[in-house]
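Colleague: How does the following fold in three dimensions:
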Amino acid sequence: MKTVFFLSIVVCLASSCRKLEEIKKYSLLTSHDRMSKDWKLISKTENKTAIDLTGFDIRLALQKDNTYTMRNSHQLFKQLITVEKKGNWFFNQEKKTLKLCESFTHKTEEFTIVFLKKGELQLQQVVTNEGLNKSPTTKLFFYKAN
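Modeller: Have a look, this model is predicted:
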């Protein structure tokens, strides 16, 4: 009888441990809160070819009020050049796509959210080359939170 009781306690503890591990897979923060950070571009690929980002500092600041600033800084002939875009950001209904709508040009860029976890963000963008007889370009961006 003691053996059966002991085994039932072990089974209960083992099953509750598994449930705790499953809970860790989910975040208490909303997708919006996890996206609202200052991100630094760490790597970029185009059609599976790595792009050299040496000398570039590319930042994407997504604010909680759904505004964004994308800042691209790099050295050109020993002079720092900075290009900045500002606008609004939002998700599609399923929260699997990030859309950046630039205020000045009203151009919207669309990115598929591949990965979002603990200060890491991976986005994919497929660019069609309209008017050119080329296949679409697939870009992959890997960001880390500052």
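
Colleague: Helix, strand or coil: sort out the residue nearest to the spatial centre of the chain for me.
Modeller: Against the mean C-alpha coordinate of the chain, by Cα atoms, centre = their mean, the closest residue is residue 121 at 2.7 Å. Secondary structure, DSSP: H, G, I helix; E, B strand; the rest coil: residue 121 is strand.

Colleague: need the next SSE after the helix or strand of the chain with the lowest mean pLDDT, C-terminal direction.
Modeller: For the chain, counting by mean pLDDT, DSSP states H and E, helix 2-23 ranks last in confidence among helices and strands (a mean of 42). Downstream of helix 2-23, the first helix or strand assigned by DSSP states H and E is helix 31-35.

Colleague: what separates whatever helix or strand comes next after that following helix from the chain centre, distance-wise?
Modeller: Downstream of helix 31-35, the next assigned helix or strand under DSSP H and E is strand 38-46. Remark: strand 38-46 is offset 9 Å from the chain centroid, using Cα atoms, centre = their mean, to the nearest Å.

Colleague: Show me what strand 38-46 is packed against.
Modeller: Applying 3 or more Cβ pairs under 8 Å, 6 or more residues apart in numbering; DSSP states H and E, we find strand 38-46 packed against strand 56-62, strand 137-145. The way it works is simple: take the backbone N, C-alpha and C, and place the C-beta from them, glycine included.
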